[in-house]
Every structure is written in C-alpha cells, then in structure tokens.
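**Q** Pasting the sequence and the predicted coordinates here, then a few questions.
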Amino acid sequence: MNQFIVCMGTKWRVLSIVVRAGLLGGFAWLVLRPHEQAYRGKPLSRWLLEEREASNRGTVSEAEAESGVRALGTNALPTLIRMASTRLSGWRPIVGMLAREQEMAFLHLPRQDEKHQTTAWALKILGPQAEPAVPALIRLLNDRNTEVRRNAAQCLAGIGLTGQAAVPGLIAVLGRSSGTNPEVLNLRREAIRALREMGPAARSAIPQLAASANDPAASAYLKAEAELALLRIKGESLLPFIERLADTSNTQWRFTAWLVSGLGTNAEPAIPLLVQALSSTNLAIQSAAIRALGGIHGRPEVSIPALIPLLESTNNIVRNESIMALGRFGSAARSAVPQLIHFLNDPNDWPRQCATGALRRIDSEAAKRAGIK
C-alpha cells in the first residue's frame with residue numbers, strides 16, 4: 001500500500017511538472033517569443049545572453065565573444081534596443097526565476113534580469129557602430145520604468161562619445177531624479193557615468209554635476225562619481241583623484257578604487273597604490289584593491305606577483321577575489337597556473353568555479369590537461 005502511495009505521488013509530481021511546463025512554455029512563447037533573426041542557429045537575443053555568460057565563465061575567451069558581437073555590427077541593434085526596453089515587471093521576473101530552475105532548463109526560458117546587462121555589454125563592444133541606436137536610447141531615458149531608464153543610461157555610457165546627442169536627455173534625468181530610493185540612486189549614477197564617458201562634449205552638464213558633487217543628501221559614492229565626471233569633462237588631470245588611494249583611512253577609499261578601476265589605461269598610475277593596499281588588515285580595503293587590480297588588469301609584471309601570494313590567504317573572500325582578478329589578466333598570468341590548478345579540488349563550489357573560469361582565460365591548454373572541458 002505504501003509503495004502504491006509513493007508510486008502515485010511520484011506520478012502526480014511528474015504530471016504536475018509536465019502540465020506546469022506546458023503552460024509556462026505556452027506562456028513564454030506568447031510573451032517572450034523573439035521577433036528577431038536567428039544567429040548561429042539561435043534567436044539572436046538568446047545567443048547574446050549565452051555568449052556573455054560564457055565569456056564571464058571563461059568558457060569562451062573575451063576576445064572571441066567580442067569578435068562575435070562585432071561581426072553582427074548594426075544588424076544586432078534592433079534586437080539590442082528591444083532588450084534594452086524590457087520592463088522587468090509583471091510576469092517577467094517569474095519567468096526569469098523559472099529560467100534558473102534545473103527542471104525547467106529544457107524550455108530554454110531567457111533570463112530576464114540579464115537582458116539589460118547583456119545589452120550594455122554588447123553596445124559597449126560595438127562602440128561607434130552603435131550610433132544608430134542612440135535616438136532609441138534617448139527615448140528610453142523617458143520610459144516610465146526606472147530600471148529601463150537606468151539601463152538606457154548604462155548603454156549610453158558604454159557607447160561613450162558616440163552618444164553625445166544624449167547629453168540633454170541625461171541632464172534632464174539628473175534634474176528629475178531625487179531622493180534616496182536605491183533605484184533612483186542607481187539611475188543617477190549611471191547618468192553621471194554616461195556624461196563622464198562623453199568627456200568635453202558634455203560640458204553643458206557641468207552645473208548639474210557640480211550640484212550632485214556638493215549635494216549633502218547624496219551618497220559618498222554618487223559624489224565621487226560626480227567629481228570624477230567633472231574632471232573628465234573639464235579635461236583636468238585625474239591624478240589628484242587617483243592619489244586619494246594613498247590614504248586607506250579615507251572613508252571613500254573603496255568608492256575611489258572602484259571608480260578608478262573603470263578608467264582603462266588612465267588608471268595605471270593607481271596600480272602601485274592598489275598593490276600597497278593589498279597588505280591592509282582591513283578586509284574591505286584589501287578586497288576592493290584586489291577587484292580594482294583585476295578591473296584595470298594593467299602592468300602585469302607588478303600586479304600578478306602581488307596577487308599570487310594572496311591565493312594562500314586563510315580568508316575565503318581574499319582567495320576567491322584573487323583567483324578572479326588573476327583571470328582578468330589572461331595569458332599574462334600563466335605563472336599562477338600551478339596554484340590555480342590546486343583549487344580545482346577545493347571542497348567548496350565557488351573556488352572551484354572561479355579557478356575553472358580563470359584557467360580557461362589564462363591557459364586553455366593547461367585547463368584541458370587539468371580536465372576542464
């Protein structure tokens with residue numbers, strides 16, 4: 001009797017899953033079906049989502065992923081604009097959560113919360129090629145959904161100077177956005193960052209940025225964003241801002257490190273200061289320095305020897321952050337391969353995953369020999 005009950009319970013569970021999957025599959029087809037061209041045998045939006053995820057995991061190299069996006073060129077823009085305009089409300093968050101469920105994997109539901117991030121990633125890769133998307137992104141700055149507006153600003157930041165026609169719209173965003181709501185603060189930060197990336201072309205935004213930098217109600221991070229934007233737009237030296245990293249007792253040190261890590265080659269003067277901060281006994285400072293060095297991934301002859309000893313740290317956060325930072329240096333970090341291979345046998349999932357991705361980026365042949373597919 002008990003076996004019969006167990007058997008029936010199992011059948012009902014399977015039937016429930018099948019029915020639910022059928023309903024969700026039909027729903028997903030109706031609501032989320034792609035109106036776009038196929039690319040490499042997949043709907044373009046799905047290919048973009050998977051390619052970005054593969055690049056993050058190290059399954060494909062960053063260069064390979066970026067090459068694929070550039071090959072699409074302007075053909076990708078209609079799909080990217082549609083992805084940028086996705087409102088993460090109503091049924092979409094539910095579908096996004098189901099997309100992460102292993103038992104629903106066969107439905108190939110798109111991960112909704114990653115559409116915006118993937119759009120910004122792809123448009124940044126396209127750079128000047130993305131100019132035809134600028135008018136649509138300007139319109140999205142006025143969307144009723146705060147998250148869509150934030151994503152539009154993030155996309156414009158990635159496009160940079162090519163998107164300078166959006167300066168008035170970004171200024172309007174700063175004028176309309178006030179308060180301490182996290183979504184509004186994120187929107188303001190992305191608008192400021194977009195203006196920063198446009199450099200002197202955004203001089204008309206100086207009054208609004210100065211107001212943000214001096215706003216007593218603004219967060220320290222937002223103020224630092226505004227200060228850096230003003231320096232870039234005015235064409236002034238970034239060194240005074242970078243040199244703040246010499247003082248790890250500064251309460252804004254972590255914000256400064258994060259912002260400096262996004263300055264590309266302009267951030268190289270910060271590397272010795274960040275290396276010095278690796279010896280801090282403050283875990284938050286040490287962790288921020290590791291992430292910043294990985295973000296800059298410059299001067300490998302200085303950065304890599306400073307990061308490798310941290311793989312022996314007794315702190316899990318420090319070890320994992322160091323693994324990921326070394327992965328950002330690619331083949332320049334080959335000297336770290338023997339230590340990274342040891343993490344493939346770590347009892348915890350996260351170090352193993354971090355080491356797997358790092359090894360793929362640093363030395364794909366060594367990764368294969370270690371059993372990584």
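**A** Thanks, I have it.
**Q** Name the residues that touch stretch 54-72?
**A** Contacts to stretch 54-72, defined as C-beta atoms under 8 Å, 6 or more residues apart in numbering, come from residues 39, 44, 48, 51-52, 76, 122, 125-126, 129, 327, 330, 353, 356-361, 364. Placement of C-beta: from N, CA and C, glycine included.
**Q** Please repeat the previous calculation with a cut-off of 7 Å.
**A** 39, 51-52, 76, 122, 125-126, 327, 356-358, 360-361 (C-beta atoms under 7 Å, 6 or more residues apart in numbering).
**Q** Tell me where the stretch 151-300 of the chain is predicted with low confidence.
**A** Where the stretch 151-300 of the chain drops to pLDDT under 70, the residues are 178-180.
**Q** where exactly do the helices run in it?
**A** Using DSSP state H, counting those that start in this stretch, the helices of the stretch 151-300 of the chain run over 167-176, 182-197, 206-213, 220-234, 239-242, 253-260, 271-277, 283-296, 300-307.
**Q** Against which helices or strands is the third one packed?
**A** Yep, that's helix 206-213 we're talking about. When contacts are defined as 3 or more C-beta pairs under 7 Å, 6 or more residues apart in numbering; DSSP states H and E, helix 206-213 sits against helix 167-176, helix 182-197, helix 220-234.
**Q** buried stuff in that helix?
**A** Going by neighbour count (16 or more other C-beta atoms under 10 Å), the buried part of helix 206-213 is 208-209, 212-213.
**Q** Select, out of the helices and strands packed on helix 206-213, the one closest to E114.
**A** helix 182-197 (16.2 Å; C-beta to C-beta).
**Q** which outside residues touch that closest one?
**A** For helix 182-197, contacts defined as C-beta under 7 Å, 6+ apart pick out 146-147, 149-150, 153-154, 156-157, 160, 167, 170, 173-174, 177, 202, 205, 209, 212, 219, 222, 225-226, 228-229, 232-233.
**Q** CA atoms only for that helix, dumped as CSV, please.
**A** Taking C-alpha atoms only, helix 182-197 is exported to CSV below (Å, rounded to 0.1, in the frame of the first residue of the first chain):
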residue,chain,number,x,y,z
PRO,A,182,18.0,52.8,-4.4
GLU,A,183,16.6,52.6,-8.0
VAL,A,184,16.7,56.4,-8.3
LEU,A,185,20.3,56.5,-7.0
ASN,A,186,21.4,53.8,-9.5
LEU,A,187,19.7,55.8,-12.3
ARG,A,188,21.6,59.0,-11.2
ARG,A,189,24.9,57.2,-11.0
GLU,A,190,24.5,55.7,-14.5
ALA,A,191,23.5,59.1,-15.9
ILE,A,192,26.6,60.7,-14.3
ARG,A,193,28.8,57.9,-15.7
ALA,A,194,27.4,58.3,-19.2
LEU,A,195,28.1,62.0,-19.1
ARG,A,196,31.7,61.3,-17.8
GLU,A,197,32.3,59.0,-20.8
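**Q** Run the chain-centre distance for that helix.
**A** 15 Å (C-alpha atoms, centre = their mean, to the nearest Å).
**Q** okay, the angle between it and helix 253-260?
**A** When axes from the mean of the first three to the mean of the last three C-alpha atoms, to 10 degrees is applied, the directions of helix 182-197 and helix 253-260 differ by 50 degrees.
**Q** And S55, how close does it get to T118?
**A** For S55, the distance to T118 (C-beta to C-beta, to the nearest Å) stands at 10 Å.
**Q** how far away is the residue nearest the centre of the chain from L307?
**A** Centroid-nearest residue in the chain, with C-alpha atoms, centre = their mean: Q117, separated by 6.2 Å. Counting by C-beta to C-beta, the separation of Q117 from L307 is 26 Å.
**Q** who are the neighbours in contact with H116?
**A** Listed by C-beta under 7 Å, 6+ apart, the contact partners of H116 are 84, 86, 151.
**Q** and which of these is nearest V337?
**A** Sorting the contacts of H116 by distance to V337 puts N151 at the head of the list, at 37.2 Å, by C-beta to C-beta.
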